[in-house]
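>>> model this:
(chains A and B)
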Amino acid sequence: GQQVMQIPQYQHVQEGEDFTTYCNSSTTLSNIQWYKQRPGGHPVFLIQLVKSGEVKKQKRLTFQFGEAKKNSSLHITATQTTDVGTYFCAGPMKTSYDKVIFGPGTSLSVIP
Amino acid sequence: NAGVTQTPKFQVLKTGQSMTLQCAQDMNHEYMSWYRQDPGMGLRLIHYSVGAGITDQGEVPNGYNVSRSTTEDFPLRLLSAAPSQTSVYFCASSPHRGAQPQHFGDGTRLSIL
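You can find the predicted model right below:
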């Protein structure tokens, strides 16, 4: 069946270092979303990408959607302790646009 | 504006018991959905609804039931709780179908003994 994978599973960085997480789908996605979940919290919607090759920025966060619309990345420049959490990508399932499939997430730890 | 409200926040059940997890949104959103989150597995879709009176199964629907009698409410029922249903449950909403979940409730942490 359709799968969405993310790498790495865990990442520990020193505060101020950059961080990147990658999302790969087994099928093309019509769009992709990114979410952040703080420990003990609920997922928070960050952004949606729709177009092939699209790049969007939110302050220190840069999101990219691959040309083939099968992969995406989230890059954080100069991490801060407030960036700690798990980052998930998600997209609609091929079988139904109303069903969403999430990746397993990348857990980011930032060492002060 | 409360957003998405889930109750209860915590619950412990015995195997075989039934219960209903409540979810309500006050944003007049068309699309609502339920997910379970287990360690290392991300969120998995249980059931979803694209409007009042319309529900459908997600990725892991077995053992769960839903209904959508109003736009605001989308309760999730566990028919006969099993230890495998121990998880964190999130309800989410979006303005319309095809828009991926944008607002999540705080979650219900459910333990089945």
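
>>> which bits of chain A sit near chain B?
A:4, A:9, A:31, A:33, A:41-45, A:48, A:88, A:90-92, A:96-105 (Cβ under 8 Å from any Cβ of the partner chain). Backbone N, C-alpha and C define where each C-beta goes, glycine included.

>>> which ones among these lie within strands?
A:4, A:33, A:44-45, A:48, A:88, A:90-92, A:100-102 (DSSP state E).

>>> drop anything exposed from the residues of chain A next to chain B.
Among the residues of chain A next to chain B, the ones that count as buried by 16 or more other Cβ atoms under 10 Å in any protein chain shown are A:4, A:31, A:33, A:42-43, A:45, A:48, A:88, A:90-92, A:98-105.

>>> now for residue B:71: which residues touch it?
B:28-30, B:51-52 (Cβ atoms under 8 Å, 6 or more residues apart in numbering or on different chains).

>>> mind checking the SS state of it?
coil (DSSP: H, G, I helix; E, B strand; the rest coil).

>>> and residue B:2, how many neighbours?
9 (other Cβ atoms under 10 Å in any protein chain shown).

>>> list the residues that contact the closest residue to it other than its chain neighbours.
Excluding the flanking residues, the one nearest residue B:2 by Cβ to Cβ, 6 or more residues apart in numbering or on different chains is residue B:26, at 5.4 Å. Residue B:26 makes contact with B:1-3, B:5, B:72 under the criterion Cβ under 8 Å, 6+ apart.
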